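Visitor: This is a predicted model, with the sequence first.
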Amino acid sequence: MHSSLRTKKRVRKLARIILTFSVLQILAVTIFIPFLYTVLWSLVDPGTGWSYTSLFPRRLSFYHWIYQFTYTQVMEGLLNGFIIASWTTLLTFLVALPTAYALGRLEIPGKEALKVFVLLPMVLPGMAIAMFLGRILFFLGLSQTFAGVVIGHIFMNLPFMIRVLAVSFESIPQDVVEVSAVLGANRLQRLREIYLPLIVPGFFAAGLNTFISSLEEFDISFIIGQPKIPTISTILFASMGTNFVKTQVSVNSLLLIIPNFILLFVIERVLKQDYLGAALGKL
Amino acid sequence: MNKKWKTLLFLLPGVGYIVFFLAVILGFMVMQSFGFFNFTGESGFTLEHWRSLFSRQLLDSLLFSLKVGTVSSFGSLVITYLLSFAIRGSYFRKTILSVYKIPIFIPALVGSFLIINMFDYSGIVNFVLQALHLVRGPVNFRSQDSAALVYLIQVWKNMPFQLLILYPAIRSIRQDILDAGRNLGAGRLRLFFEIVFPLTLSTCLIAVILVFIGTFGDFAVSSTAGPVYPFSLSRLMNYTAYNQQDWGLSAAIAVSMVAVITALVSAYTYLQQKIVK
Amino acid sequence: MATAIRIRNLVKKYGDFTAVDQLSLDIAPGEFVTLLGSSGCGKTTVLRTIAGFLEADEGEIYFGDRLMNGVPPEKRDVSMMFQSYALFPHKTVENNVNFGLRMHGAGREEQRRKVEEELAMVHLSGLNDRKPQELSGGQQQRVALARAMAVTPQVLLFDEPLSNLDAKLRETVRMEIRAIQRKYRITTVYVTHDQEEALSISDKVVVMNGGRIVQTGTPEEIYKKPKNSFIAHFIGKSNVLRVDSVFSERGKRFARTPIGDLEVDSPALKPGAGLSIRPEDLVVNPRGGANVFGGRVAGVVFLGRCKQVSVDTDGTEMLAEVDKDVEIAEGMEISYAVPVSSVNLLREEEP
């Protein structure tokens, strides 16, 4: 009686381990392998190549990375991306700030409906917005300018920025504000000493997210920015025609992912609170 | 009085920006679809563009986009639930969850390439299949007619997002309620349909709707990994405008897409109200 | 219909911590057994093992002749009432109560009939369409009971079901639970840390401590004849005296204790043992008799139904009770008698 029970327990424990192992395996296959594979392709040595009969390329070299940076618009793309992202983040923050304050701390009839309304740009099809905004900007002479692209990016990123900042503002306890007033702080001082410092984490989260979003954004950069203002996304898209060169495209893809991984680490390590979850969860 | 103006003033920049551009863009779209602002010909009211919507090409694209939306959202959902249960008691829970979040941070275009790269003629998938002697020659995954890669890429990219919001919801179900269910005779399957699913319905709804809307309006993935025919609606809209110079029809397509999405969002809001009650 | 439960040498460990240590227990068909003990004594672990949520590390559990080890909870014919009621928040009262029936494949008509029957039994007819959140704590508790009873289980398990109710309600509900159990004669295992509850409703009380059974017996046995000083102090209040030496005089046996020489009617009396006496058995200001001692009142506490008096006798504090109207105050010199019949010999060392 005892031994059969023990065997049953052991079998169950084994099943658990196999399950965990399979999940880890699937994880490895679906997440790491695509990534690793592309990394290998970006490092293929042009002299030896990578024939389809071997599992790994015979020799690795940075040739293609250097090639991309020297002979294509990749450098320009990166630079443009950073310029656009910086302006977008800054301006989105400034535009969102008062609105977020209002939604977070002031009484507004129909606030909940307003909060949902603000999310609309996130929900509409990106290409449609890009195309028709692009048309309008074209007639305003803003097509293929930084300003045009930034205008579009702000539109797309406002919802998230407003949402996260509003949550930050909401979480500032009212009595802290009142105490500061009682202790003699005027409006400007309250802004500087209480509000701004307390929304820094939220700003950090939303700001970083906006920056990365803008860097990797495709639809608007493609329609409005091209061809004068290439970004990594548009370069990547262009290189993915039917007969694409794997090595080239691999390098471009990786260039686009790297800022994201930095973001991932920063979010997991530095930020203590789950702003992403809070913001999304309240949808 | 003062308070009202203050509130309005504060709301103005953010809400104003969005309202302004939404109005302008949507307005422009609608006008163009009815024939106004026609830059390549005569401007004037016409229903011609709307009539052209009912073409074979458009209906095929609509069907395609709806299919992609449905498969991506519901396929991901099933996997999300399965995965949530699989990792529920696991030691590596935290690692698995952080690593699984990665595709969320990978742009659709890159995700598309990462997968295409693997399934190419000389890709690793073909290599493994041939090495295991499961096939004789390389399989053409990137077939001109197949949308399989699109489905795969979209599930790959969107499932982690659903996991991100659904897993905490599943975890938050009190253990004693599950125990009570088991005690009263519910096996795994019934436990899921009677208790777990209804209690996570609200989160499930948002997970499905968001992914559906995102994949329904996708341009990047279906352009790079999709079949030659049919195009996704976004791709068709783009093609109609830039390649066929028919901005009116393109606008009509755009408005239709917006209409579909609006309908879905309304349905979602309505269903959420019902659930809360 | 009722089953006997046999637990043999049950062991359950969590890492290095042994929650249940070689526990064996027999429960007769239709018997109401309470597992009584403070937090961490292992009583809930035993209950959950009977329910099937935990698997024993060692030992067996039988329902009648059937070995239950390895049988998952959904396949056991037990019904459990949880401390938090665990009502399904998204289902109505009706759908909560008929849940078990639906899982067992009962037909619509039978479900409806049973639900009405159970709700009537717990006096909640008519609340079928309410949701749990709309009910009071007491009502939720009854719905949980109705739900557990609806499947006519062989065994009923209760996990501290009354701890979330206020005192008055607790008394009423526990009587109802007892009445229902008596009526249907279902084998019941009840877990609680409340002794009054345990004593008032059980056929048998099992006192647990440190993962082990300390004493098993009827409520009267447990109360009147505690086996050791742990039980003596855990159940109600006790005066415990150490036996320094034993002697006989005029055919009667006496124990020399810190308060004096006490006549004890027990053949097993020996030095080093302990004696326990309930405060309410002490007779204050008696009219003679055996075992009379005196002392100074060190404190008086008014408990409503009586006054609790602590008396300092030669340095040892004894607890006694007097009627609520008796005039007694700190500093008074009183005498009290310890009736021979109320002296209980503690047969074991404290575990």
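Guide: Perfect, I can see it now.
Visitor: Enumerate every residue touching residue A:170.
Guide: A:104, A:105 (Cβ atoms under 8 Å, 6 or more residues apart in numbering or on different chains). (Glycine included, C-beta is placed from N, CA and C.)
Visitor: Within range of chain B, give me the residues from chain C.
Guide: Contact residues (Cβ under 8 Å from any Cβ of the partner chain) of chain C with chain B: C:51-53, C:72-75, C:78-80, C:82-84, C:86-90, C:99-100, C:103-104, C:147, C:151.
Visitor: Among the residues you listed, which ones are in helices?
Guide: Of those, the ones assigned to helices by DSSP state H are C:51, C:99, C:100, C:103, C:147.
Visitor: For whatever residue of the stretch 101-250 of chain A ends up closest to chain B, which residues are in contact?
Guide: When scored by Cβ to the nearest Cβ, the stretch 101-250 of chain A has residue A:125 as its residue closest to chain B, at 3.0 Å. Contacts for residue A:125 (Cβ under 8 Å, 6+ apart) come out as B:216, B:217, B:219, B:233, B:234, B:254, B:257, B:258, B:261.
Visitor: Let's see the pLDDT reported for it.
Guide: Per-residue pLDDT puts residue A:125 at 92.
Visitor: Residue C:80 too?
Guide: So residue C:80 comes in at 93 (pLDDT).
Visitor: for residue A:2, same thing?
Guide: On pLDDT, residue A:2 comes in at 57.
Visitor: ok, now residue B:41?
Guide: pLDDT, residue B:41: 67.
Visitor: what about the nearest residue to residue C:314 once chain neighbours are set aside, how many neighbours?
Guide: Excluding its sequence neighbours, the residue lying closest to residue C:314 (Cβ to Cβ, 6 or more residues apart in numbering or on different chains) is residue C:259, at 5.9 Å. Neighbour count of residue C:259, defined by other Cβ atoms under 10 Å in any protein chain shown: 22.
Visitor: phi, psi of residue C:259?
Guide: Main-chain dihedrals, residue C:259, degrees, to the nearest 10: phi -100, psi -10.
Visitor: So which residues of the stretch 51-200 of chain A form strands?
Guide: Using DSSP state E, counting those that start in this stretch, no strands are found in the stretch 51-200 of chain A.
Visitor: Any stretches of it with poor pLDDT?
Guide: The model of the stretch 51-200 of chain A has pLDDT under 70 over residues A:52-53.
Visitor: Tell me where it has helices.
Guide: Taking DSSP state H, counting those that start in this stretch, the helices of the stretch 51-200 of chain A run over residues A:63-71, A:74-105, A:111-117, A:120-123, A:126-139, A:146-170, A:174-182, A:187-190, A:196-216.
Visitor: Let's have the ones you listed in JSON lines, adding distance to residue C:199.
Guide: Formatted as JSON lines, these follow (distance: least, Cβ to Cβ, whole Å):
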{"stretch": "helix A:63-71", "distance to residue C:199": "81"}
{"stretch": "helix A:74-105", "distance to residue C:199": "57"}
{"stretch": "helix A:111-117", "distance to residue C:199": "55"}
{"stretch": "helix A:120-123", "distance to residue C:199": "64"}
{"stretch": "helix A:126-139", "distance to residue C:199": "72"}
{"stretch": "helix A:146-170", "distance to residue C:199": "53"}
{"stretch": "helix A:174-182", "distance to residue C:199": "50"}
{"stretch": "helix A:187-190", "distance to residue C:199": "63"}
{"stretch": "helix A:196-216", "distance to residue C:199": "56"}
